[in-house]
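Enquirer: I'd like to go over a predicted model; first the sequence, then the structure.
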Amino acid sequence: EEVTCVLGVRSSLLRHVLVGGWDRKVTFYEDLPDAKEVNPGRHIAAHKADILDMALQPGAEAGSVPVLVTVSDDGDACAWNVESGACRKRFLPQGHEQASPNERP
């Protein structure tokens, strides 16, 4: 699948490289300092359309978990808890129905 965005995540709890793209998922790769190759780890099935970009927002308090924000080709944007993979908030483009991320196919 095509990769459209890559993001390094470093916090007191996490050390990963996140990859998003046409497979509509965010895939986590553990950033192991001595490893030459790393297999994919867990993933977040993030969107109904291709993921175009993502950004990391630091946690509100020192040492707290950062928030991952992803946006897809259909204009849907989601804020994710990086540690749990739970969608904290969806930002819908004008005219979109307001379905929960869990209700989408």
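Expert: Received it, and whenever you're ready, just let me know what you need. In this text, all values refer to a predicted model and were calculated from it rather than measured experimentally. Residues are numbered from 1 along each chain as shown.

Enquirer: where's Leu7, which helix or strand?
Expert: Assigned by DSSP states H and E, Leu7 belongs to strand 3-10.

Enquirer: quick one: strands adjacent to the helix or strand following that strand?
Expert: Next helix or strand after strand 3-10 toward the C-terminus (DSSP H and E): strand 15-21. Partner strands and pairing direction for strand 15-21 (DSSP bridges) are strand 3-10 (antiparallel), strand 25-30 (antiparallel).

Enquirer: Distance from strand 15-21 to the middle of the chain?
Expert: Average the C-alpha atoms of strand 15-21, do the same for its chain, and the two points are 8 Å apart (C-alpha atoms, centre = their mean, to the nearest Å).

Enquirer: quick check: mean pLDDT across it?
Expert: Averaged over strand 15-21, pLDDT sits at 90.

Enquirer: ok, and what's touching that strand?
Expert: By C-beta atoms under 8 Å, 6 or more residues apart in numbering, the surrounding residues in contact with strand 15-21 are 1-9, 26-31, 38, 41, 46, 50-51, 53-54, 68, 70. Glycine gets a C-beta too; all of them are placed from N, C-alpha and C.
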